[in-house]
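*Asks:* pasting a predicted model and its sequence here:
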Amino acid sequence: MVIAIPASADKTDALIDERFGRCPLFCFYDTRTGKHMFKNNNIKDAPGGVGLQVAEFLGNNGVNQVWAVEVGPKAEGVLNRLKIKINHVEPGQTIANLISMRSQKVI
């Protein structure tokens, strides 16, 4: 399973970004391999429809779940259509902390 996490920087000790569509990048975490990679969110500065475009971007990158503080209703609709599960997480956590909690099945 591939999980997308909005990231504030390209390192696992960075905080999750509270913005979904306008975060600077996403951490893609593969639960099968335990590996992660970061991809820039080149859509973040678009004038409109950002959440919708980001949801499509995640779907095109094989994402199965999103861990985010908040997802807007239009983006949520696209994610649901693409069968991408949304898990809401508390703000102020690092990406490493979220991944660690996942490996312990807390999320």
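*Replies:* Cool, got the structure. Model, not experiment: these values are computed from the prediction.
*Asks:* can you give me the helices for the protein?
*Replies:* Remark: helices assigned in the chain by DSSP state H are 50-60, 73-81, 95-103.
*Asks:* could you pull out the strands for this structure?
*Replies:* Assigned strands in the chain, in chain order: 2-7, 25-30, 36-40, 65-68, 85-88 (criterion: DSSP state E).
*Asks:* CSV please, covering those and showing mean neighbour count and mean pLDDT.
*Replies:* For the C-beta atoms, the positions are set from N, CA and C on the backbone; glycine is no exception. Converted to CSV, the strands of the chain look like this (neighbours: other C-beta atoms under 10 Å; pLDDT from 0 to 100):
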stretch, mean neighbour count, mean pLDDT
strand 2-7, 24, 98
strand 25-30, 21, 97
strand 36-40, 14, 97
strand 65-68, 23, 97
strand 85-88, 13, 96
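*Asks:* turn these into TSV, columns for distance to A55.
*Replies:* Listed next are these as TSV, based on distance: least, C-beta to C-beta, whole Å:
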stretch	distance to A55
strand 2-7	10
strand 25-30	12
strand 36-40	14
strand 65-68	8
strand 85-88	10
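*Asks:* which of these sits closest to E76?
*Replies:* strand 85-88 (6.4 Å; C-beta to C-beta).
*Asks:* pairing partners for that closest one, with directions?
*Replies:* Take DSSP bridges as the rule and strand 85-88 pairs in its sheet with strand 65-68 (parallel).
*Asks:* ok, and what's touching the partner strand?
*Replies:* If you take C-beta atoms under 8 Å, 6 or more residues apart in numbering as the criterion, strand 65-68 is touched by 1-6, 16, 20, 58, 79, 84-89, 98, 107.
*Asks:* count of residues packed around the residue lying closest to T12 once chain neighbours are set aside?
*Replies:* Distances taken as C-beta to C-beta, 6 or more residues apart in numbering place A96 nearest to T12, at 4.1 Å, with adjacent residues excluded. If you count neighbours by other C-beta atoms under 10 Å, A96 ends up with 14.
*Asks:* do K35 as well
*Replies:* 9.
*Asks:* roughly how far apart are it and K74?
*Replies:* With distances taken as C-beta to C-beta, to the nearest Å, K35 is found 31 Å from K74.
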